[in-house]
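>>> here are the coordinates; sequence isn't available:
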């Protein structure tokens with residue numbers, strides 16, 4: 001399971017012994033925390049983290065950052081009723 005409790009800077013996810021992928025609800029919670037702290041920079045931060053992870057071959061963590069990036073894009077989109 002991914003630990004999302006403490007948010008420091010851009011936040012580094014720490015895998016526990018189970019190393020389960022982040023659940024979608026966790027990605028939403030994390031994206032909201034990131035947006036509250038970083039505001040408009042949150043989307044760029046998530047994209048940067050994903051690219052860095054992909055470059056380093058850490059595709060699982062990159063996928064988590066891409067989920068956060070997707071949630072942030074949704075949060076920033078205008079809501080149409």
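Structure received. Just so you know, these numbers come straight off a predicted model, no measurement behind them. Numbering: from 1, shown residues only.
>>> Strands of this structure, residue ranges please.
2-3, 14-15 (DSSP state E).
>>> And the ones you listed, which one averages the lowest pLDDT?
Lowest mean pLDDT within the strands of the chain: strand 2-3, at a mean of 38.
>>> so where's the protein uncertain?
Along the chain, the model assigns pLDDT under 70 to residues 1-25, 79-81.
>>> how about the helices in the protein?
24-38, 42-55, 59-76 (DSSP state H).
>>> Buried residues, the second one. List them.
For helix 42-55, the neighbour count (16 or more other C-beta atoms under 10 Å) marks 42-43, 45-47, 49-50, 53 as buried. For the C-beta atoms, the positions are set from N, CA and C on the backbone; glycine is no exception.
>>> with these in mind, which one is nearest to residue 78?
residue 43 (14.8 Å; C-beta to C-beta).
>>> Quick check: chain neighbours aside, which residue is closest to that closest one?
residue 72 (4.6 Å; C-beta to C-beta, 6 or more residues apart in numbering).
>>> which residues touch residue 68?
27, 30-31, 34, 46 (C-beta atoms under 8 Å, 6 or more residues apart in numbering).
>>> Rebuild those as JSON lines, extending it with distance to residue 78.
What follows is the contacts of residue 68, written out as JSON lines (distance: C-beta to C-beta, whole Å):
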{"residue": "27", "distance to residue 78": "21"}
{"residue": "30", "distance to residue 78": "23"}
{"residue": "31", "distance to residue 78": "17"}
{"residue": "34", "distance to residue 78": "20"}
{"residue": "46", "distance to residue 78": "20"}
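>>> most surrounded residue in these?
residue 46 (28 neighbours; other C-beta atoms under 10 Å).
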